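Engineer: next input, structure requested:
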Amino acid sequence: MVMHFKEYGDIHKPLILLIHGGGVGGWMWDKQVQYFSDYHCVVPELIDNVAKNNSNFSIEDSAKTLLSLIEEKAKNKCVIVVGFSLGAQIAIQMVSLKPQLIDFAIINSALVTPSTVAEKWIRPMIKLTFPLIKNKSFAKLQAKTLYVDEEYFEQYYEDSSKIKVDNLIKILQENMSFAIPHDFSKAQCKISVTVGEKEKSNMKKSAIHLVNSNPNCQGVVLSNIGHGVSLAHPEFFNRFVEEWMKDGKLPEGKVIN
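Structural biologist: This next block holds a predicted model:
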C-alpha cells in the first residue's frame with residue numbers, strides 16, 4: 001500500500017506521527033506542525049483522491065503501512081502517534097499490532113462501538129446524498145461540525161469534492177465496523193484517550209471502553225467541545241499533548257474510568 005506523507009521539523013528529534021480523520025486531510029495538523037517544530041513531524045495522507053483505483057481502504061492496511069513508515073523513519077527514537085477520529089482508530093490498530101514500537105499514543109474521538117444497523121444503511125444513504133458533497137452550502141454545514149474554519153474551508157471543500165463514492169462508502173464501512181482489537185490490551189505505550197463533552201453518546205461509550213481495555217490508558221471528557229478539539233482549539237490541544245507527554249497531566253474535564 002502506497003501512502004503519501006510530508007515531513008517537518010528536526011529529523012533527529014522524537015517522531016510525531018499525526019493521522020488525520022475522515023473528511024479532512026493532513027492539513028488539519030498545520031497548527032500542530034508549527035507548534036512542534038522542534039520534533040520530527042510526519043503527516044500522512046490516508047486517501048489518494050487522484051488514484052483511479054483507491055476504493056480498497058482499510059484501517060488495518062493503513063496501520064501496517066504507517067508502522068512500516070515509523071520503522072523506517074524513527075531509528076530507535078521516541079515515537080508519538082496522534083490520531084483523530086478515523087486516524088485515532090488507525091492509531092489503536094497500530095499499537096495493537098506492534099505493542100512495543102510506540103511510546104505515546106493520543107487517541108482523540110475514536111469510535112469502537114460497531115453498529116450493524118448503521119453499517120447496513122451506509123451504501124444506500126451515501127448513494128442518495130453523494131451529490132450534496134459538491135454543494136458548497138452543504139459543505140459549509142459539514143465543515144462547521146468538524147470545526148473547519150474559513151482558513152481551511154477551501155481546502156476541505158476541494159478534498160471533499162474529489163472523493164469517489166465507492167471510496168467514501170468503504171471508509172464509512174471501516175469506520176462504523178471498527179472494534180477494539182484483541183491485542184490492544186497488550187500495548188505498552190502510554191495512551192491518552194479524549195472525547196468531547198458535546199460528542200454523541202457512542203463516542204463517549206467508546207472512550208470508556210478504551211480506557212477499560214488497557215491499564216496504560218488515561219481518559220478525559222473535554223468540556224464544551226464536540227468532534228474535533230485539535231481544529232477547534234489548537235493552542236489548548238498542543239499544550240495538553242506536550243504537558244501530558246512530559247508529566248502525565250490531563251487537561252481539566254471529567255476523568256474517564
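
Engineer: which residues of the chain fall in helices?
Structural biologist: Ranges of helices within the chain are 30-35, 59-74, 86-97, 116-129, 136-145, 150-162, 165-177, 201-211, 229-232, 234-247, based on DSSP state H.

Engineer: deepest in the core, which of those helices is it.
Structural biologist: Ranked by mean neighbour count, these are led by helix 86-97 with a mean of 27 (mean count of other Cβ atoms under 10 Å). Backbone N, C-alpha and C define where each C-beta goes, glycine included.

Engineer: what's the burial count for the nearest residue in space to V241 that is not next to it in sequence?
Structural biologist: Distances taken as Cβ to Cβ, 6 or more residues apart in numbering put I106 closest to V241, at 5.8 Å, once the chain neighbours are dropped. Neighbour count for I106, taken as other Cβ atoms under 10 Å: 24.

Engineer: ok, I106 touching G83?
Structural biologist: Yes - using Cβ atoms under 8 Å as the test, I106 is close enough to G83 to be in contact (7.1 Å).

Engineer: overlap of the contact sets of those two?
Structural biologist: A91 (Cβ atoms under 8 Å, 6 or more residues apart in numbering).

Engineer: turn the helices of the chain into a markdown table, including distance to C217.
Structural biologist: Formatted as a markdown table, the helices of the chain follow (distance: least, Cβ to Cβ, whole Å):
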| stretch | distance to C217 |
| --- | --- |
| helix 30-35 | 21 |
| helix 59-74 | 18 |
| helix 86-97 | 10 |
| helix 116-129 | 25 |
| helix 136-145 | 27 |
| helix 150-162 | 30 |
| helix 165-177 | 21 |
| helix 201-211 | 5 |
| helix 229-232 | 18 |
| helix 234-247 | 12 |
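
Engineer: nearest to I19, of those?
Structural biologist: helix 86-97 (3.2 Å; Cβ to Cβ).

Engineer: returning to that earlier point: lowest average pLDDT across the helices of the chain?
Structural biologist: For these, the weakest mean pLDDT is recorded on helix 116-129, namely a mean of 82.

Engineer: if I look at Q100, how far off is C78?
Structural biologist: Plainly put, Q100 is 13 Å away from C78 if you go by Cβ to Cβ, to the nearest Å.

Engineer: the more surrounded of the two?
Structural biologist: C78 (15 against 10).

Engineer: quick one, phi/psi of the more buried one?
Structural biologist: In terms of degrees, to the nearest 10, the main-chain angles of C78 are phi -60, psi 140.

Engineer: ok, it - contacts?
Structural biologist: If you count contacts by Cβ under 8 Å, 6+ apart, then C78 has 14-15, 103-104 around it.

Engineer: present those as a markdown table; the columns should include distance to A232 and pLDDT.
Structural biologist: Formatted as a markdown table, those follow (distance: Cβ to Cβ, whole Å; pLDDT from 0 to 100):
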| residue | distance to A232 | pLDDT |
| --- | --- | --- |
| P14 | 26 | 97 |
| L15 | 26 | 98 |
| D103 | 27 | 98 |
| F104 | 22 | 98 |
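
Engineer: between these, which sits nearest Q155?
Structural biologist: Once Cβ to Cβ is applied, the member of these that ends up nearest Q155 is L15, at 24.9 Å.

Engineer: I'd say that closest one and V81 touch.
Structural biologist: No - applying Cβ under 8 Å, one finds L15 not in contact with V81, separated by 9.0 Å.

Engineer: mutual contacts of the two, please.
Structural biologist: Going by Cβ under 8 Å, 6+ apart, residues that sit against L15 and also against V81 are I70.

Engineer: more neighbours: which of the two?
Structural biologist: With neighbours defined as other Cβ under 10 Å, L15 and V81 compare such that V81 has more, 29 against 23.

Engineer: surely that one meets L101?
Structural biologist: No - V81 lies out of contact with L101 (Cβ under 8 Å); the separation is 9.4 Å.
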